[in-house]
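Undergrad: sequence unavailable; structure follows:
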C-alpha cells in the first residue's frame, strides 16, 4: 500500500479525537508524510524522525505529531499491517 493509500485508509476508520487530530496534521503536511511512509521505515524510525529531524518545517507541529503518534493505536495498526503486506 502506498503512503497515500495508507492515509486514505486511516481517514476512513472511526478514530478517537487524538487520532483525528493526527490525521488532520498528516493531511496538512500530506506530501512530506507520504514521502516518509513510502520510504518503508520501521515504526520506531518513523516515530523518532518527528523529534530528530525537521519534517514539516515547524518544530511545534513536528512535536505535536510525535506526541499524537505516541498515543495512536489505529495508525500503528495500519502501519504494521502495511509493513507485513510489503
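TA: Received the coordinates, thanks. Quantities reported herein were computed from a predicted structural model and do not represent experimental measurements.
Undergrad: tell me which helix or strand comes right after the lowest-mean-pLDDT helix or strand in the chain.
TA: Every helix and strand of the chain was ranked by mean pLDDT, DSSP states H and E. The lowest is helix 3-12, at a mean of 86. Later in the chain than helix 3-12, the nearest helix or strand by DSSP states H and E is helix 17-28.
Undergrad: what residues does that next one touch?
TA: 7, 10-11, 15, 33, 56, 61, 64-65, 68-69, 71-75 (CB atoms under 8 Å, 6 or more residues apart in numbering). For every residue, glycine as well, the C-beta is placed using N, CA and C.
Undergrad: out of those residues, which end up buried?
TA: Buried residues within the contacts of helix 17-28, counting neighbours by 16 or more other CB atoms under 10 Å: 7, 10, 15, 33, 56, 64-65, 68-69, 72, 74-75.
Undergrad: so can I have CSV of these showing secondary structure?
TA: Shown next, in CSV, are the buried ones among the contacts of helix 17-28 (DSSP: H, G, I helix; E, B strand; the rest coil):
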residue, secondary structure
7, helix
10, helix
15, coil
33, helix
56, coil
64, helix
65, helix
68, helix
69, helix
72, coil
74, helix
75, helix
